[in-house]
Each structure stands twice: as C-alpha cells, then as structure tokens.
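Chemist: need coordinates for the following:
(2 chains)
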Amino acid sequence: AQSVTQPDIHITVSEGASLELRCNYSYGATPYLFWYVQSPGQGLQLLLKYFSGDTLVQGIKGFEAEFKRSQSSFNLRKPSVHWSDAAEYFCAATTSGTYKYIFGTGTRLKVLA
Amino acid sequence: DGGITQSPKYLFRKEGQNVTLSCEQNLNHDAMYWYRQDPGQGLRLIYYSQIVNDFQKGDIAEGYSVSREKKESFPLTVTSAQKNPTAFYLCASSGQGVSQPQHFGDGTRLSIL
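Modeler: From the prediction side, this is the model:
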C-alpha cells in the first residue's frame, strides 16, 4: 500500500541550529512530493515540491529538501532555524492517475530561544 | 487575492444535529478536497471532487456528505451518523493536473456541545 512516513513526532532544536525533518515514502513509482507547514489553528502552507529533475529542491522561508530515490526519502532541511519556524510540518505525496494525496502524520517542531 | 475561505472558524454541534461547513475558492481550481485532522493522525481524506457535479469518497466518508453544484463551492455536511465529529476540518483545492500542489483554507474546528 502507498504510504508516507514521518518517523519523528516531535523535534526540538535551539534557535540558530540546523534542522532536518525526515520523510519516507512507499510507492510503486516515484511520486510527486511536497512539504507543508501548519501553524496552530491554521491551514497548511506549501513550502516546496518535487516532481522530477534536480534532487535538491529550494523552497520558501529558507527551506530545502533532498530527494533520494535509493532511500525512498524526501527530507526537509534548514541551515539555521528561527523561533518563527516553530510549527507542524507535513510531508505529502501523490502520483499520476489519481487526485488523492497521502499525508504523513506530521512532525511538531519546537524551537528553544 | 485568490484563496480558499472556510466558515465558520468554530462550530458547535448538538446531539442528533447535522451541521454544514462551508468552503469557497476563487482560484478557479477544478479539484476540491475535505480532510479531517486529529492530533497525531495527520490529515485523513473525507471526500474529494474533480469536477462539478461529481465527487468520490475518501478514506473516512462514513457520517459525512458533500455536494459540488458550483466550481467554487464544496460544502461538507457532518451528519448525526458521525459519532465522533470533534476535529479540525480542512478544505483544499488544486488546479488541473495531478502534479499541482493543494491550497488549503484556514480550517473549521467542530466540537460537540
């Protein structure tokens, strides 16, 4: 079955430290991949997306993600975290031939001052 | 600015009552979606619609109903058959083509009185 897994439920980092959020997918073919961010009580905002081509994708707010086919991973990274990055992050995937998207269960990021 | 509007922001349901959540978009998107979000469970798909007058059940459609009479509107009714309706409900839309990212509204929080 198709799935998206975010192994870390909670992550805490200090402001200014680097960040990596993990995402693994299980699909028959390479899916289209997305990272979203959600602030409390709000909807989801798209950070970046991967369709094909360059495996390092740049997004908004200084985020980037690297697609690794051999590891079925699409990890989100940021070199230096700001207090305003505290939020919940969701990885999502979809494939050709369907309008359905599968979301991971999310990773809640806490930033220490 | 284009976007998705969900209303109301907060909604309370009495036992045995049906309630309807509104979702309107002015992005000219063909596809629209309803998700339910519970803590630690990510987003679960309730219903989705690819075109006007057509919609499909998602993974947790029982106790919910939708209509798609206009391209801009995709209301969700939470019926009395849904025994555990307390959740955060998110509406989303996407443009034509499966690789298009989803755009989200700010959600409706539904609680039982």
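Chemist: just give me the neighbour total for residue 22.
Modeler: All of this is about chain A. For residue A:22, the neighbour count with other CB atoms under 10 Å in any protein chain shown is 17. In short, each C-beta sits where N, CA and C put it, glycine included.
Chemist: oops, I was thinking of chain B
Modeler: A total of 16 residues lie near residue B:22 under the criterion other CB under 10 Å.
Chemist: am I right that it sits in a strand?
Modeler: Yes. Looking at residue B:22 with DSSP: H, G, I helix; E, B strand; the rest coil, it is inside a strand.
Chemist: so what's it bridging to?
Modeler: Following DSSP bridges, residue B:22 is listed with bridge partners residue B:7.
Chemist: check what pLDDT the residue of chain A at minimum distance from chain B gets.
Modeler: Taking CB to the nearest CB, chain B has its nearest neighbour within chain A at residue A:43, 3.5 Å off. Confidence at residue A:43, expressed as pLDDT, is 93.
Chemist: let me see the contact set for the closest residue in space to it that isn't next to it in sequence.
Modeler: Of all residues not flanking residue A:43 in the chain, residue B:104 sits nearest, at 3.5 Å (CB to CB, 6 or more residues apart in numbering or on different chains). Contacts of residue B:104 were listed using CB atoms under 8 Å, 6 or more residues apart in numbering or on different chains, and they are A:36, A:43-45, B:4, B:90-92.
Chemist: of the residues you listed, which belong to helices?
Modeler: Among the contacts of residue B:104, DSSP state H puts none in helices.
Chemist: highest neighbour count among those?
Modeler: Result: residue A:44 is most packed of these (other CB under 10 Å), 30 neighbours.
Chemist: what distance do you get for that one to residue A:5?
Modeler: According to CB to CB, to the nearest Å, residue A:44 and residue A:5 sit 18 Å apart.
Chemist: got the residues of chain A near chain B?
Modeler: A:9, A:32, A:34, A:36, A:41-46, A:49, A:51, A:90, A:92, A:94-101, A:103-106 (CB under 8 Å from any CB of the partner chain).
Chemist: in chain B, which residue is most central in space?
Modeler: Compute the mean C-alpha point of chain B, and by CA atoms, centre = their mean the closest residue is residue B:34, 2.9 Å away.
Chemist: list buried residues within the residues of chain A next to chain B.
Modeler: Buried members of these, scored by 16 or more other CB atoms under 10 Å in any protein chain shown, are A:32, A:34, A:36, A:42-44, A:46, A:49, A:90, A:92, A:94-95, A:99-101, A:103-106.
Chemist: returning to what we had before: the residue of chain A closest to chain B contacts residue B:106, correct?
Modeler: Yes. With contacts counted by CB atoms under 8 Å, residue A:43 reaches residue B:106, the gap being 4.7 Å.
Chemist: ok, what's across the strand from residue B:103?
Modeler: When assigned by DSSP bridges, residue B:103 has beta-bridge partners residue B:93.
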